[in-house]
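Undergrad: this is a predicted model, with the sequence first.
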Amino acid sequence: MPRRLSVHPDRLLPARPELRDIARELYAEVADLPIISPHGHVPAQWFADDVRFDNPTALLLTPDHYLNRVLHAHGVPLEHMGVGQGDFSATQAREAFRTFCRHWKEFRGTPMKFWFEAQLVEVFGVDLEPGEDSADEIYDHIDGRLGEEQFRTRALHDRFGIELIATTDDPCDDLTAHRRIAEDPEWSATVVPTFRPDRYLEPARPTWNEDVDRLAEVSGHDTGTYSGWVAAMEARRAHFKAHGAVSSDHAHLDAGTLALSAVESEQLYARARAGTITAEDGARLRRGMLLEQARMASEDGLVMTLHPGAWRNHHGATFERFGPDVGADFAVATDYVRPLQPLLDAFGTHPNFQLVVFTLDETVFSRELGPMASFYPSVFVGAPWWFIDSPDAILRYRRAVTESCGFGKTSGMIDDTRALLSIPARHDMARRLDSGYLAELVADHRLTLDEARDTAHDLVVRQPRLAFKR
C-alpha cells in the first residue's frame with residue numbers, strides 16, 4: 001500500500017518548544033504576504049502564451065536540473081528523464097515519472113524533497129508519497145489537473161500571489177513576450193526582463209565573435225571596435241529598461257574586475273575579434289568589460305547582480321550531448337574583496353549604483369560579503385542560491401552576515417528557478433527559516449517580539465524592493 005503524504009504545519013520551525021511558539025507567531029505574520037521574485041528563469045513566453053503544460057514529467061522533472069542531477073548520480077541517464085529529447089512520447093514521460101518515484105528515497109534530507117512535497121500537497125492536492133506503487137496514481141492525478149484552467153501559467157501565477165517576477169534574457173532578445181504581457185488588457189501582472197550579457201563578455205567562448213556580430217545587427221552599432229561594443233551594450237540595456245528591466249545579471253567563473261585604459265581595451269578587443277587573444281588576456285578583457293557594465297549601471301540605474309564561482313559544464317561528454325544547465329555545474333572557491341576592489345573603488349559610493357552579490361562559497365559570508373555590505377552603501381548580500389539554497393545553509397547565512405551588516409543590507413529571498421511550481425515552496429522555506437532565526441534572537445533577548453515581527457515582514461517585502469530598487 002502506498003504511504004500517505006502530508007506536510008507538517010511546523011516544518012522547518014525550531015524543535016525547541018520555547019522557540020517554536022515564537023516562530024509560529026512570526027511565520028503567521030508573513031506566510032501569506034506576496035511573493036517578490038526579482039531574479040529567476042521562468043520563460044516569459046509561458047506567461048505570454050498562458051501555456052498549458054503537456055504532462056507531469058515535462059512540467060516537474062525534465063527542466064529541473066536539481067532533481068536530474070541526483071537521479072544521474074544514482075545511475076539514471078539524463079535522456080531517460082527527457083533531457084535533450086525533442087520528441088519524448090507520453091509513454092516515455094510516464095516511465096520517467098516512475099523512475100523518479102522509484103528513487104524517491106534518494107532525496108531524503110535535501111531541499112528538493114521539501115519543495116516537491118509542497119508542490120504535490122499544496123498545489124496538486126496529492127496525498128500519496130512518491131514510490132514504485134504510487135507513481136501511476138500520482139501521475140494520473142497531476143495529469144488530470146493540468147487540463148484544468150486553474151493550472152494554466154497565468155492562473156498559477158495569480159494563485160501563488162506573485163507581485164513581481166523577473167525572467168533572465170539575452171541582450172539580443174527583442175522582448176516581444178514581455179511586451180505582449182505588458183500590453184494585455186485582460187491580465188495585470190508584473191513580469192520584467194533581466195539583462196544577462198555573459199556570453200558577450202567572454203572572448204574565449206567559441207561563439208564569441210558570432211555573438212558579437214549578432215549584437216551589432218540587433219543594436220545597430222558596429223561592434224568591430226571596443227567603443228562600438230560599448231555603444232551596442234548601452235543601446236540594448238536601454239531597450240531592456242524601456243521594457244521594465246530592473247537589473248542586469250552577471251555570472252562568470254570569478255568576480256574579477258579591472259580598470260583598463262581606453263587604449264588597452266581597444267587593443268585587447270581587436271585581438272579578440274581577430275581570434276588571436278590569449279586566455280590570460282581574454283580574462284583581462286572580460287574583467288574590464290565587467291567594470292564597464294558597472295559604469296553603465298551607475299548611469300542607467302539597473303541594479304547589477306553578480307553570480308560568480310560556478311565551474312560550468314564540468315563533464316565534457318554531457319555538455320556535448322545535452323548542452324548547458326543539466327546539472328554538471330559545480331561550485332569553486334571564490335573571493336570578492338580583491339577582485340571587486342576596482343569596481344567598488346570606482347562606483348561603490350556612487351548614489352545611482354547598486355550591486356547585489358551572490359556566492360556559492362559560503363565561507364566568504366562573514367569574512368568578505370557581510371563586511372563589504374556593512375561599509376559600501378551600494379552593496380547588498382544576496383540570498384544563498386543554487387547549491388546552498390537549503391535549510392542549514394540558509395541559517396548559516398543569516399548567522400554569518402547579520403553580525404556584520406544586519407538584515408537591511410541583504411536581498412530577501414531569491415528563488416533563482418525555472419521551475420514555476422516550486423516558487424511558493426522556496427519562498428515559504430525562507431519565511432519559515434527566517435522566522436526560526438528571529439525566534440532565537442527574541443528568546444535570547446536580542447530582539448523584542450515587535451522588532452522580530454517588523455524584521456520578518458522586511459525580509460519578505462522591504463528587502464527585495466530595496467535591493468532591486470522597486
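TA: On my side now, so go ahead.

Undergrad: so what's residue 30 up against?
TA: Contacts for residue 30 (CB atoms under 8 Å, 6 or more residues apart in numbering) come out as 431, 435, 456, 457, 459, 460. C-beta here means a position set from N, CA and C on the backbone, and glycine is covered the same way.

Undergrad: could I get these as a markdown table with secondary structure?
TA: Formatted as a markdown table, the contacts of residue 30 follow (DSSP: H, G, I helix; E, B strand; the rest coil):
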| residue | secondary structure |
| --- | --- |
| 431 | helix |
| 435 | helix |
| 456 | helix |
| 457 | helix |
| 459 | helix |
| 460 | helix |
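
Undergrad: can you pick the most crowded of the residues you listed?
TA: residue 435 (29 neighbours; other CB atoms under 10 Å).

Undergrad: surely residue 393 touches residue 383?
TA: No - contact criterion CB atoms under 8 Å: residue 393 and residue 383 do not qualify, at 10.1 Å.

Undergrad: so what's the spatially closest residue to residue 251 that is not a sequence neighbour up against?
TA: Nearest non-adjacent residue to residue 251, counting by CB to CB, 6 or more residues apart in numbering: residue 307, 4.1 Å away. Contacts for residue 307 (CB under 8 Å, 6+ apart) come out as 249, 250, 251, 358, 382, 385.

Undergrad: go ahead and confirm residue 135 touches residue 95.
TA: No - if you go by CB under 8 Å, residue 135 and residue 95 don't touch, sitting 9.4 Å apart.

Undergrad: ok, these two, which is more surrounded?
TA: Between residue 135 and residue 95, counted using other CB under 10 Å, residue 135 has the larger neighbour count: 21 against 15.

Undergrad: can you give me the helices in the stretch 151-300 of the chain?
TA: Remark: helices assigned in the stretch 151-300 of the chain by DSSP state H, counting those that start in this stretch are 153-159, 176-183, 208-219, 226-242, 262-274, 279-300.

Undergrad: off-centre distance for the third one?
TA: Between the mean C-alpha location of helix 208-219 and the chain-wide mean there is a distance of 26 Å, by CA atoms, centre = their mean, to the nearest Å.

Undergrad: okay, the angle between it and helix 226-242?
TA: In terms of direction (axes from the mean of the first three to the mean of the last three CA atoms, to 10 degrees), helix 208-219 departs from helix 226-242 by 60 degrees.

Undergrad: quick one: mean pLDDT for helix 208-219?
TA: Taken as a whole, helix 208-219 has a mean pLDDT of 98.

Undergrad: who are the packing partners of it?
TA: Using 3 or more CB pairs under 8 Å, 6 or more residues apart in numbering; DSSP states H and E as the contact test, the elements touching helix 208-219 are helix 226-242, helix 262-274.

Undergrad: could you list the low-pLDDT ranges of the stretch 201-350 of the chain?
TA: Within the stretch 201-350 of the chain, no range satisfies pLDDT under 70.

Undergrad: surely residue 94 and residue 138 touch.
TA: No - look at residue 94 against residue 138 with CB under 8 Å: they stay out of range, at 10.9 Å.

Undergrad: these two - which one has more neighbours?
TA: Of the pair residue 94 and residue 138, residue 138 is the one with more neighbours under other CB under 10 Å, namely 24 against 18.

Undergrad: higher neighbour count, residue 393 and residue 383?
TA: Neighbour count, other CB under 10 Å: between residue 393 and residue 383, residue 383 has more, with 26 against 18.

Undergrad: surely that one touches residue 401?
TA: No - contact criterion CB under 8 Å: residue 383 and residue 401 do not qualify, at 10.0 Å.

Undergrad: how many residues are close by residue 451?
TA: Using other CB under 10 Å, residue 451 has 13 other residues around it.

Undergrad: no wait, residue 270
TA: Under the neighbour criterion other CB under 10 Å, residue 270 is assigned a count of 14.

Undergrad: how about residue 169: what's its closest non-neighbour residue?
TA: Spatially, and ignoring its direct neighbours in sequence, residue 169 is nearest to residue 193 (4.5 Å; CB to CB, 6+ apart).
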